[in-house]
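>>> sequence and predicted structure below; questions after.
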Amino acid sequence: MKTGNSTARAAAALLLILLFVSLTGVQSVHAQRRETPEGRTARYYDTIRNRPPQLLAFLLRMPKGADLHNHLSGAIYAESYIQWAADQNLCINQTNMSFATCDQSPNQVPAQSALTNGVLYRDLLYSMSMLNWQLSGQSGHDHFFDAFAKFGAVSGTQTGPMLAEVAKRAAKGRLRYLELMFTTDGGTASRIGGQIGWDGNYEGTLAKLKAAGINDVLAQSKTNLDKAEKDKDALLKCGTAQADPGCSVTIRYIYQVSRGAALGPVYAQMVAGFILSSAPDSKVVALNLVQAEDSYPSMGNFTTQMKMLDFLHGQYPKAHITLHAGELAPGLVPPEGLSFHIRQSVMLGHAERIGHGVDIMHEDEPEELLREMARRNIMVEICLTSNAVILGVSGKDHPLSTYLEYGVPTALATDDEGVARSEITMEFMRASQDQQMSYVQLKTMARNSLQYAFLAGASLWLDAKKFIKVPQCAGDTPPKTPPSQRCQEFLSGSEKARLQWALEGDLSSFESRY
């Protein structure tokens, strides 16, 4: 009898356990069904974060919005430059491994010879990119900045093919929009500035530049861009049944000012950038100061250049400004050189975005500056690969998590993907593995890239921090349903909102996989 009671109790206990497991399983299924697509995707992402091959496959598929910090000449891989140099019958200066016009010099060989000489081809790749830069005998910083002069004889003549390469790679990286830094007037403003010079008189020098024909950069830039884009479209077969996906990538341009030049050309280039980015329907949407921030002229003239921007911003208030600032690390410059570039770029230079911002915590009163950047929504263009190879700053030393902690908006960018041997998916990989970013943080940066792009029109977001849509589109969910008439009317009036809408559709389709 006692044995029978024990058996009955055991059976009852087993029944209760099975019932509990069954109910728990049902509850788990219901919980998963209630979970949002974003939540399910984030949960899957967490399971593969320490499995690089699976993470790469995930990130290759992930829609990424825009790349807002991208130098056109630096975005091209050395392999393309070698082929174009051979096609142009240029020569290679074997002393410094650069391209040049053939002039019978004993140290020159035809660029075509690199296509059959594996050692020469390899040496050119090393010279013109960060491939194996550790073996170059140079610092990452010096090897990077020295690369640009080596392919300059080619990059100035291949704008159309360069656009085609960058657009094609962007589409493969699931980008919808690019802002490319490029001297769209072919150097006209710089030449005029060299003639006029700089005497410290902002208004007087502006008048002299206008009298010398600085406004001609509008027509010259339009002619140059129209030809380059026509060549790009032909190479990608845009408008045909065989069109490359790169044809769908929207491209705009940021006029680049060579901050390392004399102040006369610098001021003239600034004026050109303001003129171009203020003009109606211009594809030049902003200006930026480029070249090494730690060079002698860059450091010595930094405050003067910010005052130039301050004056010209008052003359051309509609122009957009994004500035390289804080692309510095201890040792590159004296400690005091790390203390003011980001602050002056925001307060004096009227920067709406900051490129790099690596030395933010070396700035005077950095916490106050971070709070001000968050208040003004000054977005930081984060270039992780570039910062690692040029500055040696990565992992916990990088300030990305600090910017996020203070609520400063950020977006990932490639900087110079060709020279750096990277591309946008690799930047997302670094953000995931090196910076431990969550899926939601990656998604937020993808959305930010379009929110803070210099695109015409109103944003899709009523609240860009919580990503709450404007009332006209609040009830619409791309791509499940087409936009309502009210939403469609809103989208029709805003290029920015249309690209944001498309990104939301891309993200929804992506998350539906999980």
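Thanks, I have it.
>>> tell me how far Q83 lies from E179.
Distance of Q83 to E179, computed by C-beta to C-beta, to the nearest Å: 26 Å. No exception for glycine: its C-beta is placed from N, CA and C like everyone else's.
>>> average pLDDT across stretch 324-331?
Averaged across stretch 324-331, pLDDT comes to 98.
>>> can you give me how far that stretch is from the chain middle?
Centre-to-centre, stretch 324-331 and its host chain are 18 Å apart (C-alpha atoms, centre = their mean, to the nearest Å).
>>> mind checking the end-to-end distance for it?
19 Å (C-alpha to C-alpha, to the nearest Å).
>>> next, the buried residues of that stretch.
H324, A325, G326, E327, L328, A329 (16 or more other C-beta atoms under 10 Å).
>>> for M62, give me its contacts.
By C-beta atoms under 8 Å, 6 or more residues apart in numbering, the contact list for M62 reads R174, F428, L442, A446, F510.
>>> ugh, wrong one, I meant H398
V358, L384, N387, D434, Q435.
>>> and it, how far from M437?
11 Å.
>>> what's the pLDDT at the closest residue to E511 other than its chain neighbours?
Using C-beta to C-beta, 6 or more residues apart in numbering and skipping the chain neighbours, the partner closest in space to E511 is P37 (3.9 Å). Per-residue confidence (pLDDT) for P37: 96.
>>> how deep is P37 tucked in, by neighbour count?
15 (other C-beta atoms under 10 Å).
>>> can you pull the pLDDT of I17?
Confidence score, pLDDT, at I17: 57.
>>> all strands in the stretch 351-500 of the chain, in order from the N-terminus.
Here the stretch 351-500 of the chain has its strands, by DSSP state E, counting those that start in this stretch, at 353-356, 379-382, 410-412, 461-463, 468-469.
>>> CSV please, covering these and showing distance to S105.
As requested, the strands of the stretch 351-500 of the chain are arranged in CSV below (distance: least, C-beta to C-beta, whole Å):
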stretch, distance to S105
strand 353-356, 38
strand 379-382, 41
strand 410-412, 43
strand 461-463, 58
strand 468-469, 63
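>>> as JSON lines, those strands with mean neighbour count and distance to M128 would be great.
Below are these laid out as JSON lines (neighbours: other C-beta atoms under 10 Å; distance: least, C-beta to C-beta, whole Å):
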{"stretch": "strand 353-356", "mean neighbour count": "28", "distance to M128": "22"}
{"stretch": "strand 379-382", "mean neighbour count": "26", "distance to M128": "24"}
{"stretch": "strand 410-412", "mean neighbour count": "26", "distance to M128": "24"}
{"stretch": "strand 461-463", "mean neighbour count": "15", "distance to M128": "41"}
{"stretch": "strand 468-469", "mean neighbour count": "16", "distance to M128": "45"}
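>>> list the buried residues in stretch 76-94.
Buried-residue list, stretch 76-94, by 16+ other C-beta under 10 Å: 76-78, 80-86, 90-93.
>>> of all those, which comes closest to Y202?
I76 (36.2 Å; C-beta to C-beta).
>>> so who does the closest one touch?
Taking C-beta under 8 Å, 6+ apart, one finds F151, S155, M162, E165, V166, G418 in contact with I76.
>>> and the buried ones among the residues you listed, selectable in ChimeraX?
Here is the ChimeraX command that selects the buried residues among the contacts of I76 (16+ other C-beta under 10 Å):
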select :151,155,162,165,166,418
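>>> just the ones of the contacts of I76 in strands?
Among the contacts of I76, DSSP state E puts none in strands.
>>> greatest separation within the contacts of I76: which pair is it?
Checking the contacts of I76 with C-beta to C-beta, the most distant pair is F151 and V166, at 14.8 Å.
>>> want to throw the contacts of M62 into JSON lines with pLDDT?
Formatted as JSON lines, the contacts of M62 follow (pLDDT from 0 to 100):
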{"residue": "R174", "pLDDT": "98"}
{"residue": "F428", "pLDDT": "98"}
{"residue": "L442", "pLDDT": "98"}
{"residue": "A446", "pLDDT": "98"}
{"residue": "F510", "pLDDT": "98"}
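>>> with distance to G273 and neighbour count as new columns, can those residues be given to me in JSON lines?
What follows is these, written out as JSON lines (distance: C-beta to C-beta, whole Å; neighbours: other C-beta atoms under 10 Å):
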{"residue": "R174", "distance to G273": "30", "neighbour count": "21"}
{"residue": "F428", "distance to G273": "30", "neighbour count": "25"}
{"residue": "L442", "distance to G273": "32", "neighbour count": "20"}
{"residue": "A446", "distance to G273": "27", "neighbour count": "25"}
{"residue": "F510", "distance to G273": "36", "neighbour count": "17"}
